[in-house]
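Trainee: Sequence first, predicted coordinates after that:
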Amino acid sequence: MTIDWAHFTPFSALAGGALIGLAAALLVLGLGRVMGAAGIVGGALEIRDAEAPWRWSVIAGLVVSPLVARALWGAGAPVFSAHWLTLIVAGLLVGFGARLGSGCTSGHGVCGLARLSPRSFIATGVFMTTAVATVFVARHVVG
Amino acid sequence: MKRSIFALVVGLIFGLGLCLSGMVQPAKVTGFLDLAGSWDPSLAFVMAGAIAVALPAFLIARRRKAAWIGGAIELPTKRAIDAPLVVGSAIFGAGWGLAGVCPAPSVVDLGFASPGAAAFVASMAAGMLIHRAAAGRRLPGLRLLAQDA
């Protein structure tokens, strides 16, 4: 393993992480809900559910955040270099898998670990492992 | 109304954190997941920063019953390490590694007017609806996995 020092950004990563943690803290203390993005998006699709409105509000906040980030520090637009077919397959796996596994990177990886939930420790270990394995196969075996 | 405004602010802070941390860049994510290549450890710092701030809040939340805006604090109660948890997480991780995109950053990337993000989010929503159909209608094969999700 070699460290990619050129792309390593510990300070913005830590500060961005702290903001994510702050959002999770506000949501659980303010509204009494866990900030899991897969649950929020999946739950928002249940349009008649009483829990749908606050979920759509979180989604709206996420969608407008790039405008604020651009104004504040000139945040750059993301580059999606993957083939569109890859994005479709990846999206299906992410959507189905996160709902089946009751959480994603934010639900299990941030909130679950912060709650010291054994289920989330297992989930995070499993999805980290298959993600690393997938990147390994895509970059070093097939690619 | 109060709940919606509060949730909007939460989403905004969450999104700003994702933008600042680099999670919204697929290449940043795959750079972290590529242990065998040139490894960028940044995302470990994102997790550490997020957990450091969220952990005390969840400790407080566990002792409180009511949320600030009203209503009960609802935390997950399930404790079983079961097949849906493990299989679902494995599938999720494969998709995450394939594109370097997970749910929250994909929604933020919609705000950057990224066509790639739009394709991903539409497909992710379809994946979620497929799961719901499998869980609700008890499709053979998926039934065992999806029944308690």
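Mentor: On my side now, so go ahead. Remember, predicted model here, so these are calculated numbers, not experimental data.
Trainee: Show me the shaky parts of chain B.
Mentor: Within chain B, the ranges that satisfy pLDDT under 70 run B:137-149.
Trainee: which residues touch the residue most central in space within it?
Mentor: Centroid-nearest residue in chain B: B:Pro103, 5.1 Å away (criterion: CA atoms, centre = their mean). Residues in contact with B:Pro103 (CB atoms under 8 Å, 6 or more residues apart in numbering or on different chains) are A:Ala37, A:Ala38, A:Val41, A:Val94, A:Gly95, A:Ala98, A:Cys104, A:Thr105, A:Ser106, B:Met124. Placement of C-beta: from N, CA and C, glycine included.
Trainee: where does the residue lying closest to B:Pro41 once chain neighbours are set aside land in three-state SS?
Mentor: Nearest residue to B:Pro41, sequence neighbours excluded (CB to CB, 6 or more residues apart in numbering or on different chains): A:Phe8, at 6.3 Å. Assigned with DSSP: H, G, I helix; E, B strand; the rest coil, A:Phe8 falls in the coil class.
Trainee: And for A:Phe8, the neighbour number?
Mentor: 14 (other CB atoms under 10 Å in any protein chain shown).
Trainee: roughly how far apart are it and B:Leu55?
Mentor: 25 Å (CB to CB, to the nearest Å).
Trainee: Count the neighbours of residue 95 for me.
Mentor: In the absence of a named chain, this looks at chain A. Around A:Gly95 there are 32 residues (other CB under 10 Å).
Trainee: I was thinking of chain B, sorry if that wasn't clear
Mentor: 31.
Trainee: and what of B:Ser106?
Mentor: Applying other CB under 10 Å, we find 31 residues neighbouring B:Ser106.
Trainee: now it: how far from A:Gly125?
Mentor: Counting by CB to CB, the gap from B:Ser106 to A:Gly125 is 23 Å.
Trainee: mind giving me the domain ranges of chain B?
Mentor: Chain B resolves into domains spanning B:1-75, B:78-149 when parsed by automatic domain parsing.
Trainee: Point out the one among those domains that comes closest to A:Gly112.
Mentor: For the domains of chain B, the distance to A:Gly112 is smallest for domain B:1-75, at 9.6 Å, taking CB to CB.
Trainee: all strands for chain B, in order.
Mentor: Taking DSSP state E as the test, the strands found in chain B are B:38-39.
Trainee: residue boundaries of the helices in it?
Mentor: B:2-21, B:26-33, B:42-63, B:83-99, B:103-110, B:115-137, B:143-146 (DSSP state H).
Trainee: In the third one, which residues are buried?
Mentor: When you say that, I think you mean helix B:42-63. B:42-43, B:45-51, B:53-55, B:57-58, B:61 (16 or more other CB atoms under 10 Å in any protein chain shown).
Trainee: Establish whether it and chain A are in contact.
Mentor: Yes. Judged by CB under 8 Å from any CB of the partner chain, helix B:42-63 comes into contact with chain A through B:42-58, B:60-62.
Trainee: Can you name every helix or strand that that helix contacts?
Mentor: Here helix B:42-63 touches helix A:10-26, helix A:113-114, helix B:2-21, helix B:26-33, going by 3 or more CB pairs under 8 Å, 6 or more residues apart in numbering or on different chains; DSSP states H and E.
Trainee: Please report the distance of the residue nearest to A:Leu26 when sequence neighbours are not counted from B:Ala104.
Mentor: Nearest residue to A:Leu26, sequence neighbours excluded (CB to CB, 6+ apart): B:Val10, at 5.2 Å. From B:Val10 across to B:Ala104, the span is 12 Å (CB to CB).
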